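J.: Provided below for reference: sequence and predicted model.
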Amino acid sequence: TSRAATGGNIEAAWAALRDEAMACTRCDLFRPATQTVFGEGPLDARMMFVGEQPGDQEDLAGKPFVGPAGQVFDKAIGEAGIDRSTVYVTNAVKHFKFEQRGKRRIHQKPDAGEITACRWWVEQESLLVKPKVTVALGATAARSLLGKTVTIGRERGRPIELADGGTGWITIHPSFLLRLPDRDRAEEEYAMFVEDLKGAARLAA
Ligand code: URA
């Protein structure tokens, strides 16, 4: 889907893409999941954020980053001076992968095959939005963006040239902060996360 091929009607192309994604069977994750959680945000956004996959609440709401990780995300981008309503937010994998334990649905990491299967959608979203900077939140997003395994600690917080000519920027996933038991460490990591986001925002300005 290119801008030229759709006569410049990017909104319509995006809606068609999202509708197509709602019926995606590229991997088996669509079976137990409630629905496809597609990306959202203005299609002229200068920044695109890529998360891992929808969580329990996102799976039910049909929207990315609305659960606990989403709250950390909103707070951190706000502190970095980024208005969520101006950015496009999506996930590397668009169905919630979980293990049922009683009534609870426990998050499971998407594997390489699932990331690869879903990568096509992220690429199409990127072709429509053409963001100046694509921020990968965590290892799954970074793997989707770069097509290989990367070490977040080594690659974070600096521009990375992407195959499509865009610029990538890697940082941690907000849920990493929720898993840190040590309060001081969590505050330090949170501050570093905000700094990464500020750097990405400067690049996108
Ligand atoms: N975590 C993600 O990576 N994405 C979401 O949409 C929610 C939680």
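T.: Sure, I can see it.
J.: check contacts around the residue in the chain positioned nearest to the ligand.
T.: Using C-beta to the nearest ligand atom, G51 is the residue of the chain that sits closest to the ligand, at 2.9 Å. C-betas here are computed from N, CA, C, even on glycine. Contact analysis of G51 by C-beta atoms under 8 Å, 6 or more residues apart in numbering lists 64-65, 69, 73, 89-92, 137-138, 141, 173.
J.: Out of those residues, which are close to the ligand?
T.: 64-65, 69, 91 (C-beta under 6 Å from any ligand atom).
J.: Just give me the closest of those to V37.
T.: Nearest to V37 out of those is P64 (C-beta to C-beta; 5.6 Å).
J.: And the residue nearest the centre of the chain, which helix or strand is it part of?
T.: Geometric centre of the chain, nearest residue: V50, 1.9 Å, by C-alpha atoms, centre = their mean. When elements are assigned from DSSP states H and E, V50 belongs to strand 47-51.
J.: Tell me the strands beside that strand, with direction?
T.: Strand pairing for strand 47-51, determined by DSSP bridges: strand 88-91 (parallel), strand 133-137 (parallel).
J.: then that strand to PDB, C-alphas only?
T.: This file holds the C-alpha atoms of strand 47-51, laid out as PDB (Å, rounded to 0.1, in the frame of the first residue of the first chain):
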ATOM      1  CA  MET A  47       6.900   9.700  16.000                       C
ATOM      2  CA  MET A  48       5.800   6.100  15.900                       C
ATOM      3  CA  PHE A  49       6.000   4.000  19.000                       C
ATOM      4  CA  VAL A  50       6.200   0.200  18.800                       C
ATOM      5  CA  GLY A  51       5.400  -1.900  21.800                       C
END
